[in-house]
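Engineer: Sequence and predicted structure are below.
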Amino acid sequence: MGRILFVVPPLAGHVYPAVGIAGELTDRGHEVAIAGHASVVRPLVPAPLRLVELPEEITSGERAEIEEKSRRQRGTGSFKFLWEDFLLPLGTAMARDLEPVVDDFRPDIVVVDQQAVGGALLARRRRLRWVTLATTSAEFDNPYGVMAAVGQWVDDRLREFQLASGVPAEEAGRGDLRFSDLLTLVCSVTELLRMPDAVAALPPGTVFIGSGAGLRQPLADFPWSWLDPARAKVLVSLGTVTRETGGRFLRVAAEALAGMTGQVQTIIVAPPGIVDDLAAAAPADVLVRDKVPQLELMGHLSAVVCHAGNNTVCEALSQGVPLVVAPVRDDQPMIAEQVTRAGAGLRVRFGLVNAAGVAAAVASVLDDPAYRSAARRLRDDFASAGGVAAGAAHIEKLLP
């Protein structure tokens, strides 16, 4: 059996797929640990997985300030802010803080989130065998097709990052920290890419495993008996990042779906500052919670309204559930484009759509069978990709 260390950034959406694959490897008898920042990661790592806590580099107030600055960015400014103000400083700290973790755990393989570049840097510097875990397919769908200069900008920053950390110039120029030379696991399917036939041009060792859904913290408190098998059910969720700034959208969605009572039951996931207000105003056909067992719910749903986060999109499509997507930033517009291009959903404008617009989009996705047919075709593609079991199997092949 092997010793496998997962390295994750303090971003909940990136932790879930790592936990899913780590749980699968643990079930297969391997010794597995997840290294990350406890303030974000601990609530997401269930027993029996081991969490190795990294030092908290920033306070909760500083994190809130970074998030607020991020929300004010748009376009390439948002992209550059993500790298310059968050990912690269985080990478420097993680490369340092992972040194004693590696010395103590002595991993056979390190599985590094694609945005935890400090983990990849340390693995390269220490000559460790490492795997990239890409929790979104954005980097594999021609993201810089009309913005080649932006792609070059990222390449240059990553090269400078390696040089400043002691990686020889020749090696820094040859390897990209976002892509392991051995294996890159992508949480998606090739059928969602702009040009599925171009997979052969992707970095060697790139494998699409479908959804990263797997082991999660259990949620016991959900009123399953409330679900009416005779009615359509719609989930509204803005994920773990966007929902903190999504109050307007959630209220619009609640108004839209409250007007569909009698035909539709709606489950809305809302953050603490909004959940009570929405719940107080909700009719009997609308359930508002701060958390839901999303994976277990998917099999009951007729549609999902979300921010086009890759995890939620893949979880829905892997169950054949069509979507209404309202992307905000980062990779979300690209994931939304994948959904609409595949015919598996409709897109609405996060900051501008009104209740009538949301209601019309949801009605179309529910009433037009073409959307569900497309989602079900993709469900078969996700099933063929293998999910976390396939990810674990590919990692096992690299063990000594």
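Structural biologist: That came through fine.
Engineer: which residues of the stretch 151-300 of the chain score low on pLDDT?
Structural biologist: Segments of the stretch 151-300 of the chain classed as low confidence (criterion: pLDDT under 70) are 220, 240-245.
Engineer: For it, which segments count as helices?
Structural biologist: Shown for the stretch 151-300 of the chain, the helices assigned by DSSP state H, counting those that start in this stretch span residues 169-174, 247-258, 272-281, 294-298.
Engineer: List the buried residues in the longest one.
Structural biologist: Under the neighbour-count criterion of 16 or more other C-beta atoms under 10 Å, helix 247-258 has 247, 249, 250, 251, 252, 253, 254, 255, 256, 257, 258 buried. (C-beta placed from N, C-alpha, C; glycine too.)
Engineer: Could you do stretch 297-308 as well?
Structural biologist: 297, 298, 301, 302, 303, 304, 305, 306, 307, 308.
Engineer: separation between the first one and residue 316?
Structural biologist: As judged by C-beta to C-beta, to the nearest Å, residue 297 and residue 316 stand 10 Å apart.
Engineer: before we move on, what about the fifth one?
Structural biologist: Shown here: residue 303 relative to residue 316, a distance of 8 Å by C-beta to C-beta.
Engineer: Show me whatever sits in contact with both of these two.
Structural biologist: Overlap of the contact sets of residue 303 and residue 316 (by C-beta atoms under 8 Å, 6 or more residues apart in numbering) consists of 322, 323.
Engineer: Can you name the residues that contact the residue lying closest to residue 159 once chain neighbours are set aside?
Structural biologist: Nearest residue to residue 159, sequence neighbours excluded (C-beta to C-beta, 6 or more residues apart in numbering): residue 172, at 5.1 Å. Residues in contact with residue 172 (C-beta under 8 Å, 6+ apart) are 159, 162, 163.
Engineer: I'd assumed residue 171 was in contact with the last one.
Structural biologist: No - with contact defined as C-beta atoms under 8 Å, residue 163 and residue 171 do not form a contacting pair (9.8 Å).
Engineer: ok, back up a step: is it possible to mark the buried ones in the contacts of residue 172?
Structural biologist: For these, buried by 16+ other C-beta under 10 Å: 159, 162.
Engineer: Narrow the contacts of residue 172 to those in strands?
Structural biologist: Judged by DSSP state E, strands contain none of those.
Engineer: I'd like the contacts of residue 172 laid out as JSON lines, including distance to residue 349.
Structural biologist: Shown next, in JSON lines, are the contacts of residue 172 (distance: C-beta to C-beta, whole Å):
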{"residue": "159", "distance to residue 349": "37"}
{"residue": "162", "distance to residue 349": "39"}
{"residue": "163", "distance to residue 349": "42"}
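Engineer: so, if you compare the contacts of residue 172, which one comes nearest to residue 332?
Structural biologist: residue 159 (27.3 Å; C-beta to C-beta).
Engineer: isn't the closest one right up against residue 174?
Structural biologist: No - assessed by C-beta under 8 Å, residue 159 is found out of contact with residue 174, at 10.0 Å.
Engineer: so what's residue 227 closest to, chain neighbours aside?
Structural biologist: residue 300 (5.8 Å).
Engineer: I misspoke; the intended subject was residue 206.
Structural biologist: In space, residue 206 is closest to residue 184, 4.7 Å off (C-beta to C-beta, 6+ apart).
Engineer: same deal with residue 254?
Structural biologist: residue 278 (5.5 Å).
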